[in-house]
Structure formats: C-alpha cells, structure tokens
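# Here's my sequence, what's the structure:
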Amino acid sequence: MMKSKIPVALTVAGSDSGGGAGIQADLRTFAFHCVHGTSALTCVTAQNTLGVMRVDALSAEAVAAQIEAVVGDIGVDAMKTGMLLNREIMVAVASQVEALGIGNLVVDPVMVSRSGDRLIDEGAIAFLQDILIPMAAVVTPNRFEATILSGLEVDSVDDMRSAAERIHSLGAKAVLVKGGGMKGDLRGIDVWFDGTRLDVLKTENVDTGNTHGTGCTLSAAIAANLALGKDLFTAVTLAKDYVTNALKYALDIGEGQGPVGHFFPLLKEEERRGKKSTVS
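Predicted structure coming up:
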C-alpha cells in the first residue's frame, strides 16, 4: 500500500498541564493546519490558568533522543523551539539540528514572560544568541526578549524596528518582534525584518484577557505553514491571522488567564448553530 506524504512539524518545548501553551498548544495548532505534529519534551510543568507551580527538566540526552527518533523515522519539514529551559538542552537541540540537517527552524526564544519575569539564565541566553538564533529561519521574540537580545529598550514601533535589525544581525534569516505585550494601540503590531524588507504588520486588536499561549501558537502556526511549503513571509502573515481568530474565540476557563481557542472553526459552528436555534 502506498503511503501518502503528509507534512510533518516538530515542536521542541515544555509540557503545559493546563493545556494552554507549550507542546499542547503546538500540537493543536499543527492539527488545525492538517500537519502531522511530533514533539520532543524539554520539561514538564505543573501549571494552570493562574500560573506555574513546578518545573521539572528532562535531561539533555532525553531531549536529543526524542528529536533523533522522530527525524530518523518520520522526517520533519519544519521545527519550532519553545521553552528550552537551560544551556545543556539548547546545546543538545542545536547539535541535533546541525547533525540531522533540520531546516525551516522557527525559534521562539522563550526567555521572558509577558509580565517581564526572566525564565532562563545568562549562559543560556548567550548560547541562544551565538548558536541557536543563527540557525533560525525566523526568530519571534516578545518585547522583553527583544530587549535582551538586542540590548535596546523596546517601548515604541521605532524601537521594535531597531531591535529587529539588531537581532537580525545575530544571523537569523528573519526576525518578527512581537508587540502583544505592548500597551494601547501598539498591541497587535509586530515588526518584520529579513535583511531587506522592514515591515510593520498590524492585525485586529482583540480585546480579551484570555491570551495564554499566544506566543507558542504563533510560532507553531509559522512552522506549520513552512511545513506546508509556504514562503517565510506568507507563513508569518497566515500565522498572525490564525492567532487573531483564535483570540476571538479564546476560552474563558479556570480562575486566571485562559488560552486561545485553537479549534475556533468548531466554536464558530457551535455559535452559528446556537444563533440559528434561537431564531427558529
């Protein structure tokens, strides 16, 4: 029997027990795009909508083995990294990317939360800047991560442009500085730079407090679109549209910040049916 070729994406990230971010968000995003999702766990977290209670890291050897197992048998058309946690895991991931010839690498440099809390140490940040980012097709820092990577304060669109250019000089093919953590009219504005094209990308600003997992979801959607054969800029714009729609159908669950609605077409259909039932 002939095997059909389906695009494959790999997420290398942490597990979110609350299901809103990390590999859980990534795999749902891959599935939405009809891309087969594979994963390599870097850590297991105990968390919910209120926050993170515990983080247990896997060994660097275990992370490398997961990547090798997936690529060696199934193959990978695109890969994204999320929470890599420490320098040892970053070294293992970079080594596998190089040894296995993994392309279409999306690096979500999970270093600082939206609240500004530092998540990794200085040694890991230096390795990220010097080794992992130069391997990336695109790197997607939030405003706080962009500040660390560029050494520039990021408080305006002009700052975002300058940071994008500075981060691009580290070696990535392209940079998307995300404005989701910005205030007022700057929310929903991202800045793209690929060495030639410097664009301000604006999408509809969705007013919701349930935004958990937006960064993971965006980078996963970019990887999914790359796996589908889209060019880099198109993959980014399609991913932004996907996140905007998912925010419109964000899930109001738990006592804290709920996640985006990765399966929003199903929620749209339920909404439509409910309206139809009310009318009839």
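
# K240 touches D199, doesn't it?
No - counting by Cβ atoms under 8 Å, K240 does not reach D199; the two are 11.6 Å apart. (C-beta placed from N, C-alpha, C; glycine too.)

# who's more crowded, these two?
Between K240 and D199, K240 has the larger neighbour count (other Cβ atoms under 10 Å), namely 22 against 16.

# ok, the nearest residue to that one once chain neighbours are set aside - contacts?
Spatial nearest neighbour of K240, excluding adjacent residues (Cβ to Cβ, 6 or more residues apart in numbering): T203 at 5.2 Å. Residues in contact with T203 (Cβ atoms under 8 Å, 6 or more residues apart in numbering) are 188, 240-241, 243-244.

# Tell me which of these fall in strands.
Of the contacts of T203, none are assigned to strands by DSSP state E.

# quick one: which of those has the most company?
Counting neighbours by other Cβ under 10 Å, V243 comes out on top of these with 26 neighbours.

# Next, the contact list for that residue, please.
Going by Cβ under 8 Å, 6+ apart, the list of residues near V243 reads 203, 214, 217-218, 221, 260.

# count of neighbours near I74?
If you count neighbours by other Cβ under 10 Å, I74 ends up with 12.

# Surely it touches T38?
Yes - I74 lies in contact with T38 (Cβ under 8 Å); the separation is 6.3 Å.

# For D16, give me phi and psi.
With angles defined as degrees, to the nearest 10, D16 sits at phi -110, psi 110.

# Which residue, neighbours along the chain excluded, lies closest to it?
Nearest to D16 is G22, by Cβ to Cβ, 6+ apart, at 3.8 Å.

# Counting neighbours, what do you get for the one you found?
By other Cβ under 10 Å, the residues close to G22 number 28.

# isn't it right up against K80?
No - counting by Cβ under 8 Å, K80 is not a contact partner of G22; they are 11.3 Å apart.

# what is in contact with these two at once?
Shared contacts of G22 and K80, defined by Cβ under 8 Å, 6+ apart, comprise A13.

# Quick check: closest non-adjacent residue to L27.
L27's closest residue in space is G37 (Cβ to Cβ, 6+ apart), at 4.2 Å.

# For the one you found, the count of nearby residues, please.
21.

# From L176, how far off is it?
21 Å (Cβ to Cβ, to the nearest Å).
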